[in-house]
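[1] Sequence and computational prediction follow.
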Amino acid sequence: MTKYRIRLTEMRDIPHIEELHRQQNERDGTNYPLTQVFDEHGYQMTNVVLSVVIVDEADKVHQGVIFERGVEMMLSGCDAEATAQLEKQINGLWYLLRQKGYSNVHCLVPKDMVIPIEKPMKRVGFQRDDFKLAHFYKSLEAPK
């Protein structure tokens, strides 16, 4: 039985992670991008909180696990004119988020709001992915 251990990802692991990711996309018929773990100087990217690999006794990488800092867009209020103004200026907000190191934005919408909000969300570049992805949530707060 193979013994595995978990260790922090190193630059030398990236080609192996890339190949495993490519194989997974091919197997699943998907084309998901792989989060960049290190910059060109070998420093961990600011949007990567933690990156580990699962290796065997020979230090062969069997899996990569990347914990990426995420951005969730939450809207408070239902003012059509305010929403229209947001839509006009949203590209500036995307720019600011990219400057902070983020590469994507999530927006979780209650199921009963999907129909009225879907068109405005598409106009600012969002795509529904609940047809192909399930959303799992884990709170890291201690139970009360």
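    Okay, I see it.

[2] Quick check: which ranges of this protein have low pLDDT?
    In the predicted model, the chain carries pLDDT under 70 at residues 132-133.

[3] same thing but at 80, please
    Confidence mapping of the chain against pLDDT under 80 gives the ranges 78, 101, 103, 129-144.

[4] got the buried residues for the longest helix along it?
    Ranked by number of residues, the top helix in the chain under DSSP state H is helix 80-99. Judged by neighbour count (16 or more other C-beta atoms under 10 Å), helix 80-99 contains these buried residues: I90, L97. (Each C-beta comes from the backbone N, C-alpha and C, glycine too.)

[5] could you give the angle of the next helix-or-strand element following it to helix 80-99?
    Reading on from helix 80-99 to the C-terminus, the next helix or strand found by DSSP states H and E is helix 114-123. Per axes from the mean of the first three to the mean of the last three C-alpha atoms, to 10 degrees, the angle that helix 114-123 makes with helix 80-99 is 50 degrees.

[6] chain center to helix 114-123, what's the gap?
    The offset between the C-alpha centroid of helix 114-123 and the centroid of the whole chain comes to 21 Å, using C-alpha atoms, centre = their mean, to the nearest Å.

[7] and what of stretch 28-47?
    Relative to the centre of its chain, stretch 28-47 is centred 10 Å away, using C-alpha atoms, centre = their mean.

[8] quick one: contacts of that stretch?
    The list of residues contacting stretch 28-47 from outside it, by C-beta atoms under 8 Å, 6 or more residues apart in numbering, reads 9, 11, 14, 17-18, 21, 24-25, 48, 51, 66, 68-69, 100-103, 132.

[9] Tell me which of the residues you listed fall in strands.
    When strands are assigned by DSSP state E, the members of the contacts of stretch 28-47 inside them are V48, S51, I66, E68.

[10] Can I get these in TSV including neighbour count and distance to Y32?
    Conversion of the ones in strands among the contacts of stretch 28-47 to TSV gives the following (neighbours: other C-beta atoms under 10 Å; distance: C-beta to C-beta, whole Å):
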residue	neighbour count	distance to Y32
V48	17	16
S51	21	16
I66	19	12
E68	17	12
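
[11] And those, which two are furthest apart?
    The distance between the two most remote of these (C-beta to C-beta) is 8.8 Å, for S51 and E68.
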